[in-house]
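Engineer: build the 3D model from these lines:
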Amino acid sequence: MSSAQADTGEDGLLEVLRARIRRDGPMPVEAYMQACLADPEHGYWRQAAGTIGADGDFITAPEISQVFGELIGLWCGVVWQSMGRPAGVHLIELGPGRGTLLRDGLRAGRAVPGFLQAAAVHLVEISAPLREMQRQALAPFSRSRRPAQDPAAGLPGVVGPRLRGDDVEWHERLGEVPPGPAIIIGNEFLDALPIRQLVFAAGAWRERVVELDGQEKLRFGLGATVDRPEADWADTAPPPDAILELRAGESELIAELAGRQAPVAALLIDYGPAEAGYGETLQAVRRHAYGDPLATPGSADLTAHVQFGRLARQARAAGLAVDGPITQAEFLGALGAAERAARLMAANPAEAGSIETGVQRLLSPAGMGQLFKAMVIRSPDLPPPAPFG
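Structural biologist: Predicted coordinates for the structure are as follows:
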């Protein structure tokens, strides 16, 4: 069992959690993670304006290289073509960070004739500070807010078409997006959804909880025995003290995708194993370093691995088609990451070194290229998209 005390001056949420545990008893890990990330006053997501990037807590693929967003933008354009080029398509990003991915993607998407004119952008984001950053990043592509300069490209104006809608729309959840053809991007979205942890102890599954020790410090403990979980999907019997991680948000996402009556294709890129298994993956990240998930609640990003095998089985059971998962290196490599980097390096020789380093980081088999996976969940009547088809 681990125990941690919040840093001095950062105990606002800690006091809230202590009071809640004293009142209601130990809280499941899922409830603890939800409070740390989304508490209305102290939650990490509510204060997330300065958390992304080299000077923040973590950095994501779109911030490492513009090639990432550009390739995904072109990918979206090709998927739109495979849908029959509908006059209107919802282009949706889940957890869009600072808006960097879509900024680069839309710039590249101009190369697909008619795509931007058909696209209306919807962002699923609960952080008010991040929404403002996204608004500024995507302003060059809006009909109602077009600045004199595109900050992404450093070039005057925006050459070519703009979005179909008058402006970007924000939502608290995917289910709020109006019906219609939809292309969905979720890069490092699923890993931040709260998880439930079950521990196999003395031949039974028990809820893992967060409780208080004798010094009022947070620690992990074991709660009540639970029935054999429906998602006990591992091929082998659980060893003693095995931890099973379940994520209700994944089931909710699958249900929302299955409930859309129009063509839908969702590209999900995240880190985690291709096949299901046991083990604890809950982690806290602050200033690009890993820490105790129970320390400084609300001031560190909490995430856990995505179990792609289980996610794929849920999607197929809901009547959806699944492509992948494949590694991020395979996905970006097949889409032409190296070729795009070479063209950028030739056009910007002074920045060739940083361009090459960024793309190598995305493709490295010892890092992001192998750990991160790409998977598509789509309507069964759509063809498998590149590079899966």
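Engineer: only C-alpha atoms from now on, for both contacts and neighbour counts.
Structural biologist: OK.
Engineer: residue boundaries of the strands in the stretch 1-150 of the chain?
Structural biologist: Listed in chain order, the strands of the stretch 1-150 of the chain (DSSP state E, counting those that start in this stretch) span 3-4, 27-28, 89-94, 119-124, 149-150.
Engineer: and those strands, which one is worst for confidence?
Structural biologist: For these, the bottom mean pLDDT is recorded on strand 3-4, which sits at a mean of 40.
Engineer: for residue 227, which of the strands of the stretch 1-150 of the chain is the nearest?
Structural biologist: Proximity to residue 227 (CA to CA) singles out strand 27-28 among the strands of the stretch 1-150 of the chain, at 15.4 Å.
Engineer: how far off centre is the closest one?
Structural biologist: Counting by CA atoms, centre = their mean, to the nearest Å, strand 27-28 is centred 24 Å from the centre of its parent chain.
Engineer: hang on, the earlier thing: dump the strands of the stretch 1-150 of the chain to CSV, plus mean neighbour count.
Structural biologist: Listed next are those as CSV, based on neighbours: other CA atoms under 10 Å:
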stretch, mean neighbour count
strand 3-4, 16
strand 27-28, 20
strand 89-94, 23
strand 119-124, 24
strand 149-150, 17
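Engineer: what's the nearest residue to residue 164 if we skip its chain neighbours?
Structural biologist: Excluding its sequence neighbours, the residue lying closest to residue 164 (CA to CA, 6 or more residues apart in numbering) is residue 117, at 4.7 Å.
Engineer: got the phi and psi for the residue lying closest to residue 246 once chain neighbours are set aside?
Structural biologist: Leaving aside its chain neighbours, residue 246 sits nearest to residue 196 (5.1 Å; criterion: CA to CA, 6+ apart). Backbone dihedrals for residue 196, given as degrees, to the nearest 10, come out at phi -100, psi 140.
Engineer: quick one, what contacts residue 196?
Structural biologist: By CA atoms under 8 Å, 6 or more residues apart in numbering, residue 196 lies in contact with 28-30, 208, 245-248.
Engineer: dump those residues into a markdown table; add distance to residue 327 as well.
Structural biologist: Output for those, formatted as a markdown table (distance: CA to CA, whole Å):
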| residue | distance to residue 327 |
| --- | --- |
| 28 | 32 |
| 29 | 29 |
| 30 | 28 |
| 208 | 31 |
| 245 | 22 |
| 246 | 22 |
| 247 | 22 |
| 248 | 24 |
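Engineer: buried ones among those?
Structural biologist: For the contacts of residue 196, a burial check counting by 16 or more other CA atoms under 10 Å picks out 28-30, 208, 245-247.
Engineer: pull the most distant pair out of those residues.
Structural biologist: Farthest-apart pair in the buried ones among the contacts of residue 196 is 208 and 247; separation 13.8 Å (CA to CA).
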